[in-house]
Structure formats: structure tokens, C-alpha cells
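K.L.:
predicted model, plus sequence, below.
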Amino acid sequence: RKQIRDLKRLRKASADKTEKANLKKEIADLEAKLGSGDSGGADFRDVTADGGVKIKVLKAGKGFKPAKHATVEVHLVGTRADGREFFSTRGEYPFSFILGDRQVCKGLELCLMEMSVGEAADVILRPEYAFGDEGLHTVEEGMSVVPPKETVRYAVSL
């Protein structure tokens with residue numbers, strides 16, 4: 001994890017686009033290793049069997065597991081591969097939505113249906129389960145919040 005943080009600092013400080021791209025790939029590779037448990041038991045569980053959605057339970061829940069079409073309230077902190085936050089409910093009201101109504105990305109819905117009420121987890125989503133080839137853009141300004149084809153991470157509390 002320290003190596004990833006150091007690489008992110010280097011990437012941020014670099015002015016060379018090629019070097020930034022190479023560092024981004026190296027960071028993604030290291031994060032994938034962490035997510036697959038290859039670095040000393042990271043305790044991530046593969047939700048989708050293809051490695052696209054991984055979840056690590058940080059705090060066990062004691063409630064029920066929500067099903068599709070259930071209304072859920074979650075606290076989320078979403079971070080990009082470079083470590084920058086793109087979404088957070090920290091210090092705010094929880095985000096409330098109906099599972100299955102496509103109000104959040106596919107991978108996040110899959111994870112929430114695996115979690116119990118009261119559970120907190122770290123979630124890693126590959127692009128095809130996050131924001132895919134499109135990325136995520138702000139509605140007001142059309143700015144890219146998450147670039148296309150980027151793996152994202154969420155801290156989730158259900």
C-alpha cells in the first residue's frame with residue numbers, strides 16, 4: 001500500500017504524459033494484486049467470479065441482506081485509481097436509492113446485495129462494473145469525474 005501511495009505521488013508530480021500513463025498502469029496492477037489477495041491475504045472476496053467486483057468486509061453487519069428493488073441507505077466514499085475522491089457522503093446524510101433501478105453502477109449494486117445492514121466494506125470495481133468506456137461526467141459542466149476505463153474503489157457502509 002505504501003508503494004501505491006508513493007507511485008501516486010510520483011504520478012501527480014510528473015509532467016510527462018507517458019510517464020504518468022506508465023505509473024497509472026503500475027498503480028492499477030498493484031491495486032489488482034492487493035484486491036486478489038496476492039499480497040499477503042488482503043481478504044478480498046471475488047463477487048463476480050471474473051475479478052471485476054471485489055469486496056473486503058471491514059465491519060460485519062447484523063441485519064438482513066437487501067434484495068433487488070429494496071430501498072437502501074448507504075454512506076459512500078468513491079476514489080479513483082489515483083486516490084482522488086470523486087464522490088462522498090462523509091459528513092452528510094446517507095445516499096438513499098432503490099437497488100436495481102440503475103441509480104448507481106452495476107458493481108456497487110452487486111456488492112450491496114452481498115452485504116448485511118450495518119456492514120462496512122472496501123469495494124474494488126473494474127471499469128466494466130463501474131463506469132466503463134464512458135467514464136463518469138458531471139451533469140452541470142460535463143466534466144470528467146472518473147475517466148473512461150478506470151478501476152474505482154468505494155468505502156461502503158450499509
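P.N.:
That came through fine.
K.L.:
what about the longest helix in this protein?
P.N.:
Determined from DSSP state H, the single longest helix within the chain is helix 17-35.
K.L.:
just checking, what packs against the helix or strand following that one?
P.N.:
Toward the C-terminus, helix 17-35 is succeeded by strand 45-46 as the next helix or strand (DSSP states H and E). Counting contacts by 3 or more C-beta pairs under 8 Å, 6 or more residues apart in numbering; DSSP states H and E, strand 45-46 packs against strand 53-59. Where you see a C-beta, it was placed from the backbone N, CA and C, and this is true even at glycine.
K.L.:
what stretches of the protein score poorly on pLDDT?
P.N.:
For the chain, the stretches with pLDDT under 70 are 1, 32-42, 139-144.
K.L.:
quick check: the residue nearest to the spatial centre of it vs residue 23, distance?
P.N.:
Compute the mean C-alpha point of the chain, and by C-alpha atoms, centre = their mean the closest residue is residue 153, 2.1 Å away. Distance from residue 153 to residue 23, counting by C-beta to C-beta, to the nearest Å: 17 Å.
K.L.:
re earlier: hmm, who's touching the longest helix of the chain?
P.N.:
Contacting residues not belonging to helix 17-35 are listed as 1, 3-4, 7-8, 10-11, 14, 39, 42, 44, 51, 54, 81-82, 124, 151, 153 [C-beta atoms under 8 Å, 6 or more residues apart in numbering].
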